[in-house]
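> Sharing a sequence plus its predicted fold:
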Amino acid sequence: MAELSLPILDLSQLDNGPEAAARFRDDLRAATHDVGFFYLTGTGISPELEARLHQAALDFFALPEADKLAIENVNSPHFRGYTRVGGERTQGKVDWREQIDIGPEREPIVGGPAFNRLVGPNLWPAAQPELQDVVAEWHATLSDVARKLLRAWAQTLGADETYFDEHFGEPSTLIKIVRYPGTDAPEPQQGVGAHKDSGVLTLLWVEPGKGGLQVERDGAWVDAPPVPGAFVVNIGELLEYATGGYLKATNHRVVSPKAPDERISIPFFFNPALDKRLPLIELPAELAAEAKGVTEDPSNPIHALYGENALKSRLRAHPDVAAIHHADLVGASV
């Protein structure tokens, strides 16, 4: 295997005694301070569950177009359901992928802050009832992994282990099941454009053997090919905010595969409740000295309240949904 551009961390080390756990926490802090991305092994997630989810993704995208469009996200004011190829944008440019977005299954909320519009039911394909069950199992399993990681982060940043448990509330999660179709274009094409995630933590499962993910390091794009049995993990803007910039959310993108190849990836976003604001972590002096402040970008303000950050991202990514259901917010500062 070629030299990897991201560090590899083994989550099982947290259960191998105090010394191994301390080394893991130190490595975790270094990886997310220096890079913002790493590979995570030792999660205990079974290959059987991964295979079931992968097959469910392949089955969904193989459905007749009419079955997929029956749950198209333009029918959901909550930005749920299916997005056809070319239906999403990053930095104003079209992303060449199709996907289904799945969030917490909740009743809609009428009134209150604008970000309440993100709360509501999912859209499930009637032709594939088994999808809901495997996604529910995946959600529960990865939520446990995310909580374990966040407790380790809290400790290595000098906070109480329960810092994130106490300030998260009921998590706002999002699962995207994504297919990147191949392209015949001679130049690399935008599968998804360069961006930072708007929340706290992302766990990404990538179809074995399929490249395309690139991470920005020192002003250059480096490949982050999949590692067998590993997730790709990255932090989002809210964790950068909570650490005063000691941890940095990192730009990343996906380059479309060459036809006839295609690529399945399934990111899991684990974030606080929409109405939660993470208080700043009081870092130890030696870490605080290396905190360079939150990134200042007038075109992409980082909001302390997660719901505001999430709504910002969704309105930009899906302008058609925004125009149909949230015309009063289009162009507004959120």
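Structure received.
> quick check: mean pLDDT across the longest helix seen in the chain?
Longest helix of the chain, by residue count under DSSP state H: helix 130-156. Mean pLDDT, helix 130-156: 97.
> Phi, psi for the residue nearest to Phe79 when sequence neighbours are not counted please.
Leaving aside its sequence neighbours, Phe79 sits nearest to Arg314 (CB to CB, 6 or more residues apart in numbering; 4.8 Å). In this view, the C-beta of every residue, glycine as well, is placed from N, C-alpha and C. Main-chain dihedrals, Arg314, degrees, to the nearest 10: phi -70, psi -40.
> Isn't Glu290 up against Gly244?
No. Between Glu290 and Gly244 there is no contact under CB atoms under 8 Å: 9.9 Å.
> Which one's more surrounded, the two?
Gly244 (18 against 11; other CB atoms under 10 Å).
> which residues touch that one?
By CB atoms under 8 Å, 6 or more residues apart in numbering, the residues touching Gly244 are Leu280, Ile281, Leu283, Ala288, Ala291, Gly293, Val294.
> now it: how far from Phe270?
For Gly244, the distance to Phe270 (CB to CB, to the nearest Å) stands at 21 Å.
> Surely Pro267 touches Thr173?
No. Under the criterion of CB under 8 Å, Pro267 makes no contact with Thr173, lying 10.8 Å away.
> So, low pLDDT: which residues of the stretch 51-200 of the chain?
The model of the stretch 51-200 of the chain has no residue with pLDDT under 70.
> Going along the chain, name the helices of it.
In the stretch 51-200 of the chain, the helices defined using DSSP state H, counting those that start in this stretch lie at 65-69, 130-156, 163-168.
> Go through stretch 119-138 and flag the buried ones.
Using 16 or more other CB atoms under 10 Å as the test for burial, stretch 119-138 gives Val119, Gly120, Asn122, Leu123, Trp124, Pro125, Leu131, Val134, Val135, Trp138.
> Distance across it, terminal residue to terminal residue?
Chord length of stretch 119-138, first to last residue, is 20 Å (CA to CA, to the nearest Å).
> Please, where are all the strands along the chain?
Under the criterion DSSP state E, strands of the chain are mapped to 8-10, 37-41, 81-83, 88-90, 93-95, 98-102, 172-180, 190-195, 201-206, 213-217, 220-223, 231-235, 252-255, 263-271.
> in its sheet, what does the fifth one sit against?
So the one you mean is strand 93-95. strand 88-90 (antiparallel) (DSSP bridges).
> what sits up against the strand it pairs with?
94-95, 97, 99, 190, 192-195, 253, 316-319.
> what's the distance between it and the middle of its chain?
Mean-position distance between strand 88-90 and its chain equals 15 Å (CA atoms, centre = their mean, to the nearest Å).
> can you check stretch 91-104 too?
Computed by CA atoms, centre = their mean, the chain-centroid distance of stretch 91-104 equals 12 Å.
> Pull out the buried positions in it.
When neighbours are counted by 16+ other CB under 10 Å, the buried residues of stretch 91-104 are found to be Asp95, Trp96, Arg97, Glu98, Gln99, Ile100, Asp101, Ile102, Gly103, Pro104.
> Pull the most distant pair out of those.
For these, the maximum inter-member distance is 28.3 Å, found between Trp96 and Pro104 (CB to CB).
> before we move on, back to that, for Lys210, find the nearest of the helices of the stretch 51-200 of the chain.
Across the helices of the stretch 51-200 of the chain (criterion: CB to CB), the nearest stretch is helix 130-156, sitting at 18.5 Å.
> of the buried residues of stretch 91-104, closest to Arg147?
Pro104 (15.5 Å).
> picking up where we left off before, any idea which of the contacts of Gly244 is the one closest to Val215?
Using CB to CB, the contacts of Gly244 come closest to Val215 at Val294, 19.9 Å.
> Was I right to think the closest one contacts Asn300?
No. With contact defined as CB under 8 Å, Val294 does not reach Asn300; the gap is 11.2 Å.
> Of all the helices of the stretch 51-200 of the chain, which one is nearest Arg179?
Nearest to Arg179 among the helices of the stretch 51-200 of the chain is helix 65-69; the distance by CB to CB comes to 10.6 Å.
> tell me which residues in that closest one are buried?
Lys68.
> next one: stretch 302-322
Within stretch 302-322, the residues scored as buried using 16+ other CB under 10 Å are 302-303, 305-318, 321-322.
> what comes into contact with it?
By CB under 8 Å, 6+ apart, stretch 302-322 touches 73-74, 76-77, 79, 83, 87-90, 113-118, 172, 198-200, 237-238, 240-241, 271-278, 294-295, 301, 326, 329-330, 334.
> Report the buried members of those residues.
Buried members of the contacts of stretch 302-322, counted by 16+ other CB under 10 Å: 73-74, 76-77, 79, 83, 87-90, 115-118, 172, 198-200, 237-238, 240-241, 271-278, 294, 326, 329, 334.
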